[in-house]
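>>> build me a model from this:
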Amino acid sequence: MRTIGMLFRASEILRKHRLQAFLSLLFLILLASGGFAEGVDLDESMIFDKNESYWAQFLPRVNPALDKNLSVDVAVIGGGYTGLSAAYHIKKSNPALEVVIFEAGRVGSGASGRHGGLVLAQTYSEGGFVMGANKAHHKEIYDITVAGMKRFKALAESSGIDPEFVLNGQSLGIFDRENLADFRQYAAAAREMGMPIEFWEREKAIGMLGSPGLLGAVYDPNGGMVNAGKLVAALKKLAEDAGVVIYENSTVWGYNEGKIIELPVVAKGNRYKVKAKSIVIAANAYAAATLNFLANDIEPAHTQVAVTAPLSEEQYRSLGWKDHIAWYDDQYAGTDSDATFHMIITKDRRIVIGGGSVEYNDDESLLYPGDLRTIEAQIAKRLSELYPSLKGIRIENTWNGIICETRSKSERIGITGRHKNIFYALGYNGGQGVNVSFLFGELISKLYNSERHKLLEIYTK
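A predicted model of the protein is given here:
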């Protein structure tokens, strides 16, 4: 390892991200000196918080932590949808390999176990019923991600765990009159491409989604919702049934690049050395702070979600929200001009609603710096605006989640390292993360197996 050069790089990062830079500098010193096993204690409480979401109750049992030094073929860092998917697909296509996952908390501790429950087509860079930087491939990306979500649903259900995966469509509700023309134009262009996108005028939008302030809506029959915790449980079972070994409460702090990559892992206060022929970085928002990976592009962002008490029969009927269509609005009524509100109805008729606030965190810790009571009040206010009959409904729980936005605003996937044995997928930026994280985990296995795929051509160019 070229210690001086990497220390210089860490010092450059210091000017922008104090915590990430400090940890990166510490990792580099310890790794370069070979003294990590006897090194100082690292304060994980500055990085990781407990998943206290509504979905946490559905997460699977926690596996034992690492308790020995290991040598493996593939080490996956991160136990969310990306890591579980990558490990499962690599192991299924290479049964003889020893594939392990290291998760700092429990599987689903990060965004995978805290999101708002929506499953959306497209990637972030082509999502939200807009055509983005890859608009030349807009229809291709749509078709691939739609097929991916159907495959994801079928695979998850094959585990024997019902993840409450419902694919009955998604919608964007329009409240800003200035947006009507643009979304009409998008729907027309999408249909011209052969995509089954509909534009709903005001009467139909209100008739389907129920919110009286709607001026119109865009509808995609491909999309839906899922129980985040049960989906994690299903993926974990699939991975373990395939032969993947998962260590939880086992934090990887950096890595020492080489033909054989060395990983220092801290578990229950003990330090272990793991040697791997290849690694997969699937730590998403935590990758910069814990691994010094893509620190100049990763921008951790906090978003919040709330869940109501179950609706009474009267409340439920008052909504006029047909078929439990997952939807989000264009109102941008929260604390950030780029934020929106999104919502689903669960199987037991709770409304899960989130958004309205995106707070970036590059300060002393990755923990949420805001006040969840303030956020809860914002969410409750917006819910009562969307559905006046629900004014005063009890919010049972409000939680924070940290997502991985990128300064480039593009998803990141690829292979790196001098020996081309470091694989990575992260940076899903927003709403499409559930579907894309699974799909990009699958694509990691294709990279590992030197297979081609259209999305790899688009996102690794």
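>>> residues touching residue 48, list them.
104-105, 109, 251, 286, 366 (Cβ atoms under 8 Å, 6 or more residues apart in numbering). C-betas here are computed from N, CA, C, even on glycine.
>>> make TSV from these and add neighbour count, distance to residue 156 and pLDDT to it.
Below are the contacts of residue 48 laid out as TSV (neighbours: other Cβ atoms under 10 Å; distance: Cβ to Cβ, whole Å; pLDDT from 0 to 100):
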residue	neighbour count	distance to residue 156	pLDDT
104	24	23	97
105	19	21	96
109	24	19	96
251	23	27	97
286	27	24	93
366	22	29	87
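>>> okay if I get the residues you listed as CSV plus secondary structure and distance to residue 170?
Listed next are these as CSV, based on DSSP: H, G, I helix; E, B strand; the rest coil; distance: Cβ to Cβ, whole Å:
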residue, secondary structure, distance to residue 170
104, coil, 32
105, coil, 30
109, coil, 26
251, strand, 35
286, helix, 28
366, coil, 30
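>>> buried sites along stretch 365-375?
Across stretch 365-375, burial judged by 16 or more other Cβ atoms under 10 Å covers 365-366, 368, 372, 375.
>>> actually stretch 83-97, not the one I wrote
Buried residues in stretch 83-97 (16+ other Cβ under 10 Å): 83-92, 97.
>>> over to stretch 342-358?
For stretch 342-358, by 16+ other Cβ under 10 Å, it's 342-346, 349-358.
>>> nearest to residue 263 among these?
When the buried residues of stretch 342-358 are ranked by distance to residue 263 (Cβ to Cβ), residue 358 comes first, at 31.9 Å.
>>> gap between the closest one and residue 404?
Relative to residue 404, residue 358 is positioned 12 Å away (Cβ to Cβ, to the nearest Å).
>>> overlap of the contact sets of these two?
residue 301.
>>> ok, back up a step: turn the contacts of residue 48 into JSON lines, including distance to residue 443.
Shown next, in JSON lines, are these (distance: Cβ to Cβ, whole Å):
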{"residue": "104", "distance to residue 443": "23"}
{"residue": "105", "distance to residue 443": "25"}
{"residue": "109", "distance to residue 443": "23"}
{"residue": "251", "distance to residue 443": "26"}
{"residue": "286", "distance to residue 443": "21"}
{"residue": "366", "distance to residue 443": "26"}
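>>> list just the nearest of these to residue 312.
residue 109 (33.4 Å).
>>> where along this structure do the helices fall?
Assigned by DSSP state H, the chain shows helices spanning 3-14, 18-33, 81-93, 138-157, 180-193, 202-209, 228-242, 287-291, 313-319, 372-386, 433-448, 454-459.
>>> as CSV, those with distance to residue 45 would be great.
Shown next, in CSV, are the helices of the chain (distance: least, Cβ to Cβ, whole Å):
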stretch, distance to residue 45
helix 3-14, 21
helix 18-33, 12
helix 81-93, 22
helix 138-157, 32
helix 180-193, 44
helix 202-209, 42
helix 228-242, 23
helix 287-291, 13
helix 313-319, 40
helix 372-386, 18
helix 433-448, 25
helix 454-459, 35
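>>> mean pLDDT lowest for which of these?
Least confidently modelled of the helices of the chain is helix 3-14, at a mean of 32 by mean pLDDT.
>>> can you list the weak-confidence ranges in the stretch 251-400 of the chain?
Applying pLDDT under 70 to the stretch 251-400 of the chain flags residues 331-339, 361-364.
>>> one step back: could I get the buried residues of stretch 83-97 in TSV, plus columns for distance to residue 330?
What follows is the buried residues of stretch 83-97, written out as TSV (distance: Cβ to Cβ, whole Å):
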residue	distance to residue 330
83	33
84	33
85	31
86	34
87	37
88	36
89	36
90	39
91	42
92	40
97	46
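>>> closest to residue 446 among those?
residue 89 (8.1 Å).
>>> how about the closest one: what's its closest non-neighbour residue?
Nearest non-adjacent residue to residue 89, counting by Cβ to Cβ, 6 or more residues apart in numbering: residue 445, 3.5 Å away.
>>> can you get me a residue count around residue 181?
Using other Cβ atoms under 10 Å, residue 181 has 9 neighbouring residues.
>>> ok, now residue 273?
15.
>>> list the contacts of the residue nearest to it when sequence neighbours are not counted.
Counting by Cβ to Cβ, 6+ apart, residue 69 is the residue found nearest to residue 273 once chain neighbours are left out, at 4.9 Å. Residue 69 makes contacts with 272-274, as judged by Cβ under 8 Å, 6+ apart.
>>> please report the distance of residue 69 from residue 386.
54 Å.
>>> ditto for residue 434
22 Å.
>>> just the ones of the buried residues of stretch 342-358 in strands?
342-345, 351-358 (DSSP state E).
>>> still on that earlier bit, state the distance from the residue nearest to residue 89 to residue 140.
From residue 445 to residue 140 the distance is 20 Å (Cβ to Cβ).
>>> more neighbours: these two, which one.
residue 445 (22 against 16).
>>> and stretch 272-289, which residues are buried?
272, 274, 276-289.
>>> and the residues you listed, which two are furthest apart?
Pairwise over those, using Cβ to Cβ, the maximum falls at 277 and 285, 26.6 Å.
>>> my guess is residue 224 meets residue 345, correct?
No: counting by Cβ atoms under 8 Å, residue 224 sits too far from residue 345 to count as a contact (11.3 Å).
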